[in-house]
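In: can't give you the sequence, but here's the structure:
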């Protein structure tokens with residue numbers, strides 16, 4: 001357990017935290033605005049919006065590893081600033097295309113893909129930069145601050161993006177998102193980053209193998225990665241079938257579905273606000289175990305709606321699905337930063353991002369199982385999957401940690 005007093009975060013980290021809030025908000029507003037613009041302005045159908053969403057998720061699979069290599073080779077602050085500048089340029093390009101009436105779906109997808117490339121680079125480099133800005137004791141508090149910004153953007157960004165498009169039109173929405181990216185660049189440009197020793201240049205494949213080998217052979221990080229992969233599969237299986245299930249089985253209106261799904265964001269914000277307090281009161285390993293166990297409880301409660309079809313149970317499930325996993329993200333990010341040598345942090349962060357590759361797998365399972373056996377079968381399968389990820393982490397040495405591990409050096 002840690003001290004009962006939260007450590008004070010330095011001003012240089014606060015610049016990073018504010019830049020993170022601006023960057024995450026820009027991402028969520030643009031991600032919400034893009035499909036709305038595609039439907040309302042370009043008149044595309046469901047299949048084409050599906051292709052647009054594919055373009056907006058591909059960078060997480062294609063660019064995570066290259067971003068990790070760069071984060072371990074060059075200044076992480078400069079890399080993040082360049083990534084945000086790239087996002088700003090992509091969003092401003094969409095703005096110009098709208099103004100000139102040259103916007104097409106392929107151009108929107110290309111600009112969106114480019115903007116999300118900036119998101120991936122920022123997401124990989126930020127966790128690698130944080131340990132150089134704060135003390136080891138302040139890492140949980142710092143990671144909680146980063147996640148709070150992300151959850152606020154996640155919860156409010158889509159609504160704000162939709163409102164901007166609805167009230168003012170597409171151009172102001174992308175202009176506002178681009179302005180937020182510029183703010184993030186300005187904040188990063190004034191951030192002090194301690195100098196790192198220059199790593200020897202080796203073949204990129206060797207460096208990728210080194211990062212993957214570190215994660216998959218580490219007794220603490222391997223079960224964390226496996227748990228996260230399984231969790232992403234289960235959560236996206238659940239999300240893939242929830243809307244039609246809620247309308248058909250729970251008799252929810254469109255507003256009711258929206259309110260129920262919003263409980264996920266509420267849970268994330270509550271979890272991020274409580275994280276530092278929770279981590280001061282229970283052992284470090286207990287906090288790591290809370291996320292997967294809470295996820296399993298959420299899946300069981302959602303499966304229970306097949307017997308007791310109420311919106312309240314579905315809302316509680318989504319709330320738990322938000323609050324527990326945020327504690328997981330904060331605690332496992334702190335664990336990763338503590339046990340990973342500084343020169344490997346970028347690649348290890350990139351390997352972590354690759355666990356998001358399970359999301360399309362979960363969605364595909366939802367489509368196949370839902371189509372063959374119905375949404376109820378998907379909910380039962382999701383509960384089994386969430387049970388598996390809880391077992392993986394509960395059987396690992398990570399949950400036995402009484403406190404945050406000591407920071408390792410390059411000799412590790």
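Out: That came through, no problem. Quick caveat, the model's predicted, so the values are computed rather than measured. Numbers count the residues shown, from 1 in each chain.
In: my guess is residue 238 contacts residue 302, does it?
Out: Yes: counting by Cβ atoms under 8 Å, residue 238 touches residue 302, with 6.4 Å between them. Glycine gets a C-beta too; all of them are placed from N, C-alpha and C.
In: shared neighbours, these two?
Out: Taking Cβ atoms under 8 Å, 6 or more residues apart in numbering as the contact rule, residue 238 and residue 302 both touch 379, 382.
In: ok, those two, which is more surrounded?
Out: Neighbours per residue (other Cβ atoms under 10 Å) separate residue 238 from residue 302, with residue 238 holding more: 28 against 25.
In: element containing residue 13, please.
Out: Counting by DSSP states H and E, the element that carries residue 13 is helix 11-40.
In: Any buried residues in that helix, and which?
Out: 12-13, 15-38 (16 or more other Cβ atoms under 10 Å).
In: For that helix, name the packing helices and strands.
Out: When contacts are defined as 3 or more Cβ pairs under 8 Å, 6 or more residues apart in numbering; DSSP states H and E, helix 11-40 packs onto helix 46-62, helix 76-100, helix 105-129, helix 139-168, helix 170-189.
In: Can you spell out which helices and strands pack onto the helix or strand where residue 213 lies?
Out: Assigned by DSSP H and E, residue 213 belongs to helix 204-217. On a contact count with 3+ Cβ pairs under 8 Å, 6+ apart, helix 204-217 meets helix 64-73, helix 221-248, helix 345-354.
In: now what about it, what contacts it?
Out: With contact meaning Cβ under 8 Å, 6+ apart, helix 204-217 is reached by 65, 68-69, 72, 221-222, 225, 340, 344, 346-348, 350-352.
In: in it, what counts as buried?
Out: Buried, per 16+ other Cβ under 10 Å, within helix 204-217: 207-208, 211-212, 214-215.
In: how far is stretch 366-385 from where the chain is centred?
Out: Mean-position distance between stretch 366-385 and its chain equals 24 Å (Cα atoms, centre = their mean, to the nearest Å).
In: any idea of the mean pLDDT for it?
Out: Taken as a whole, stretch 366-385 has an average pLDDT of 86.
In: got the phi/psi numbers for residue 308?
Out: Main-chain torsions, residue 308, degrees, to the nearest 10: phi -120, psi 90.
In: Could you say which helix or strand holds residue 358?
Out: Using DSSP H and E, residue 358 sits within helix 358-373.
In: Just want the angle from that helix to helix 221-248.
Out: Comparing the axes of helix 358-373 and helix 221-248 via axes from the mean of the first three to the mean of the last three Cα atoms, to 10 degrees yields an angle of 40 degrees.
In: Can you pull out the residues in contact with helix 358-373?
Out: Outside helix 358-373, the residues touching it (Cβ under 8 Å, 6+ apart) are 57, 229-230, 232-241, 244, 377-378, 381.
In: hmm, what's the outermost residue in this structure?
Out: Relative to the centre of the chain, and counting by Cα atoms, centre = their mean, the farthest-placed residue is residue 100 at 34.0 Å.
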